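[1] Got a predicted structure here, sequence first:
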Amino acid sequence: MFGLKVRDIDCGFKMVSKKVIETIPKLEAERGAFISSEFLIKTKRAGFKIVEIGVHHYPRSAGRGTGADLNVIIKSFVDLFKLWWKLLGK
């Protein structure tokens, strides 16, 4: 939908230039599950280069993931379409 080619959009390891933070518009996602996506979409649209470097992931030792929770998925799609609709208007 946004032309973003990223393998692991929610990886918690991100190195970001201060210029990117100062340039991209305010994030509008209402929930945490879409914040990384919105950040990377707006970063790309602002003309910045996105580079991925492999990291090792280890099994979760505590807590539980919510990524497969149907409510989280639905709410993320709502945020996705809100952003898509807003960007279409520009």
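    Ah, there it is. Residues are numbered from 1 along each chain as shown.

[2] which intervals of this protein have sub-threshold pLDDT?
    Applying pLDDT under 70 to the chain flags residues 30-31, 33, 66-67, 90.

[3] can you map out the helices along it?
    18-23, 35-45, 70-88 (DSSP state H).

[4] Next one: the residue positioned nearest the centre of the chain from Ile74, what distance?
    With distances taken as CA atoms, centre = their mean, Ser37 lies nearest the centre of the chain, 1.7 Å away. Separation of Ser37 from Ile74 (CB to CB, to the nearest Å): 15 Å. C-betas here are computed from N, CA, C, even on glycine.

[5] same question, Leu88
    Leu88 is 21 Å from Ile74, where distance means CB to CB.

[6] do Lys26 as well
    With distances defined as CB to CB, the gap from Lys26 to Ile74 amounts to 24 Å.

[7] swap in Pro25?
    Remark: distance between Pro25 and Ile74 (CB to CB) = 25 Å.

[8] Ok, Thr43 next?
    If you go by CB to CB, the gap between Thr43 and Ile74 works out to 25 Å.

[9] Also Leu83?
    Between Leu83 and Ile74 the distance is 15 Å, computed by CB to CB.

[10] and what of His57?
    The gap separating His57 from Ile74 is 25 Å, by CB to CB.

[11] Likewise for Ala62?
    Applying CB to CB, one obtains 26 Å for the distance of Ala62 from Ile74.

[12] okay, those two: which has more neighbours?
    Ile74 (9 against 4; other CB atoms under 10 Å).

[13] if I pick the more buried one, what's in contact with it?
    By CB atoms under 8 Å, 6 or more residues apart in numbering, the contact list for Ile74 is empty.

[14] Take the helices of the chain and lay them out in CSV including distance to Val6.
    As requested, the helices of the chain are arranged in CSV below (distance: least, CB to CB, whole Å):
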stretch, distance to Val6
helix 18-23, 15
helix 35-45, 6
helix 70-88, 14
